[in-house]
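Undergrad: can't give you the sequence, but here's the structure:
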Ligand code: GLC
């Protein structure tokens, strides 16, 4: 069964093939997707075995989180060899076979590429650290200390200083993430060349796209100045000194023009710390850089501050969420393109975060899916979202695997915070919430592995799993299939202009999508109670055809106003 891509030429991009705008992406976290050989880790053969599942879901592109050779301190985001496959995931032959089979089925594969740093076990770093005179010394960022102290006061994303002292040469190297992830120096032209060549190598292999990890940070402020530090803390967040700087754009332009363009891959950059106006510098149709970026504004909606501040929980407001998403929808319309997501391998599970993972789990997960699949931009579904997988709350830190979570725990316990308080934050925000194994069926370890899983399965797998969802026509999974098909059927859901309705309503998120004379109305109840909404101007119950909803009804009672069920979602099409 093979599917041809629908190619749509929109007027602003005459002649351009924009398959990536019409695609739905499915993100796979390889360690936790499907283990085929019983070693407790997911692998490429496991993904191969699930291609039918992905094809039936209706997605077009598979984004593979890093599968390269890596010591695994940050689960593959610490790459030891960009040209090799991690042994426990398989071999390069396995990868080639997966790619060929995916292509045969009309599925594309997008790689996750880390350009900001390598593993400290990468051959370059071994050379770099060996001596100040080594030709690869300058591939990384080395500085001497200042009066026996670190070179500046920047705080790492994973806690502590970004600097690590290396006794070998008595200098410090910079790492924005863990100390096993030294940052590359993009001022070094030779290193840049080697990277471009590597990207080219993967394109020649036939991969269809890239997610560029942490790409906003590949350039650092000249001179690496310390950040403003009124309270004289040992380290402070310094995001503005290493995020979205002008040099990032010149690097991406070069990468695109020299390497990417002839192949036309789909590209998405991970760019924290910007709003839509700044995002246009990456994705503006006149910019020649990336197709899309992952923005983070909505991911910090329940935090007291961004970055490492994510651990300090704050109640989030629907009005804020609407404001953020609407700004991105309208600013990028006709000028760039959005990448829409509500969860990924770094974020809590959306149904636990934005919905209700108790009584209304199914309904609220469907409501959230309706939201993601009816916005302008390319939708990204993270594994498990399609069955409504939830956060975990492991009682003990020993059960967690994520380096960020462990560092956070050690740091705050060290500072005297109570275990209870620290675990509460971990249950809400740990990245491991999204990394527990995919729940396939009711058998041991949820059918993920025959062995011992590298991280414990969420024990709600008896109730939440793919096999059950397949056999229940009302399941979240079936609803996703319908939504994906609907999106492909109605161009207005892909390209239509977005307009927010009721910006101040605290419970309902409603918007229209309009393309020429076609119009859709999307209404989402984000609450467990039953609010009511008047038909928006220009809409009446007679002229509105319900094309999908997560609540089935025999008759309509909505003449005067729309009466919502808890977490109800509806999409109407205007009848002429
Ligand atoms: C990105 C990845 C995350 C990783 C970090 C460092 O944010 O999504 O998982 O830890 O970059 O590579």
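TA: Perfect, I can see it now. Everything numeric here is computed off the predicted structure, so don't read it as measured data.

Undergrad: The residue in the stretch 451-576 of the chain that the ligand sits nearest to: neighbour count?
TA: Ranked by C-beta to the nearest ligand atom, the top residue of the stretch 451-576 of the chain for proximity to the ligand is residue 455, at 14.5 Å. Every residue, glycine included, has its C-beta placed from N, CA and C. Residue 455 is flanked by 20 other residues according to other C-beta atoms under 10 Å.

Undergrad: so who does the closest residue in space to it that isn't next to it in sequence touch?
TA: Take residue 455 and drop its neighbours on the chain: the residue closest to it by C-beta to C-beta, 6 or more residues apart in numbering is residue 401, 4.9 Å away. Contact analysis of residue 401 by C-beta atoms under 8 Å, 6 or more residues apart in numbering lists 75, 432, 435, 454-455.

Undergrad: what packs against the lowest-mean-pLDDT helix or strand in the chain?
TA: Sorting the helices and strands of the chain by mean pLDDT, DSSP states H and E puts strand 561-563 at the bottom, at a mean of 89. Applying 3 or more C-beta pairs under 8 Å, 6 or more residues apart in numbering; DSSP states H and E, one finds that strand 561-563 makes contact with strand 532-534.

Undergrad: following the strand it packs on, which helix or strand shows up next?
TA: Tracing the chain past strand 532-534, the next element assigned as helix or strand by DSSP states H and E is strand 544-549.

Undergrad: how distant is that next one from the center of its chain?
TA: 30 Å (C-alpha atoms, centre = their mean, to the nearest Å).

Undergrad: Neighbouring strands - and their directions - for that strand?
TA: strand 569-574 (antiparallel) (DSSP bridges).

Undergrad: Contacts for the least confident helix or strand of the chain next, please.
TA: Contacts of strand 561-563 (C-beta under 8 Å, 6+ apart): 523, 530, 532-535, 557, 570.

Undergrad: Could I have the PyMOL command that selects the buried members from those residues?
TA: To isolate the buried members of the contacts of strand 561-563 in PyMOL, using 16 or more other C-beta atoms under 10 Å:
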select buried, resi 523+533+535+570
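
Undergrad: What is the most widely separated pair among the contacts of strand 561-563?
TA: Spanning the widest gap among those are 530 and 535, at 17.0 Å by C-beta to C-beta.

Undergrad: export the contacts of strand 561-563 to TSV and tack on pLDDT and distance to residue 364?
TA: Putting the contacts of strand 561-563 into TSV (pLDDT from 0 to 100; distance: C-beta to C-beta, whole Å) gives the following:
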residue	pLDDT	distance to residue 364
523	97	15
530	94	14
532	93	19
533	94	18
534	94	24
535	94	24
557	65	22
570	97	14
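
Undergrad: Let me have the contacts of strand 561-563 in CSV, adding distance to residue 343 as columns.
TA: What follows is the contacts of strand 561-563, written out as CSV (distance: C-beta to C-beta, whole Å):
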residue, distance to residue 343
523, 22
530, 26
532, 30
533, 27
534, 32
535, 32
557, 34
570, 23
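
Undergrad: Look up how far residue 314 lies from residue 301.
TA: 8 Å (C-beta to C-beta, to the nearest Å).

Undergrad: who has more neighbours, the two?
TA: Remark: of residue 301 and residue 314, residue 301 carries more neighbours, 18 against 12, as counted by other C-beta under 10 Å.

Undergrad: So that one versus the ligand, what's the distance?
TA: Distance, residue 301 to the ligand, by C-beta to the nearest ligand atom, to the nearest Å: 18 Å.

Undergrad: Model confidence at the residue of the stretch 51-200 of the chain found nearest the ligand, what's the number?
TA: The ligand sits closest to residue 77 of the stretch 51-200 of the chain, with a gap of 3.3 Å, by C-beta to the nearest ligand atom. Note on residue 77: pLDDT of 98.

Undergrad: go on, residue 2?
TA: The score at residue 2 is 37. That number is its pLDDT.

Undergrad: and stretch 328-335, which residues are buried?
TA: In stretch 328-335, counting by 16+ other C-beta under 10 Å, buried: 328-333, 335.

Undergrad: The ligand: which of those is nearest?
TA: Set against the ligand, the nearest of the buried residues of stretch 328-335 by C-beta to the nearest ligand atom is residue 328 (19.1 Å).

Undergrad: Contact partners for the closest one?
TA: Counted by C-beta under 8 Å, 6+ apart, residue 328 has contacts 276, 279, 295, 297, 338, 377.

Undergrad: how about low-confidence regions in the stretch 51-200 of the chain?
TA: Within the stretch 51-200 of the chain, no range satisfies pLDDT under 70.

Undergrad: What is the subsequent helix or strand relative to the lengthiest helix in the chain?
TA: Taking DSSP state H as the criterion, the chain has its longest helix at helix 189-205. Going down the chain from helix 189-205, the next helix or strand is strand 209-213, by DSSP H and E.

Undergrad: before we move on, which element is residue 38 in?
TA: Using DSSP H and E, residue 38 falls outside every helix and strand.

Undergrad: contacting residues for it?
TA: 449-451.

Undergrad: residues in contact with residue 127?
TA: Residue 127 neighbours (C-beta under 8 Å, 6+ apart): 134-137, 139.

Undergrad: Residue 141: how many residues sit nearby?
TA: The burial count for residue 141: 24, using other C-beta under 10 Å.

Undergrad: now residue 189
TA: Count around residue 189 with other C-beta under 10 Å applied: 9.
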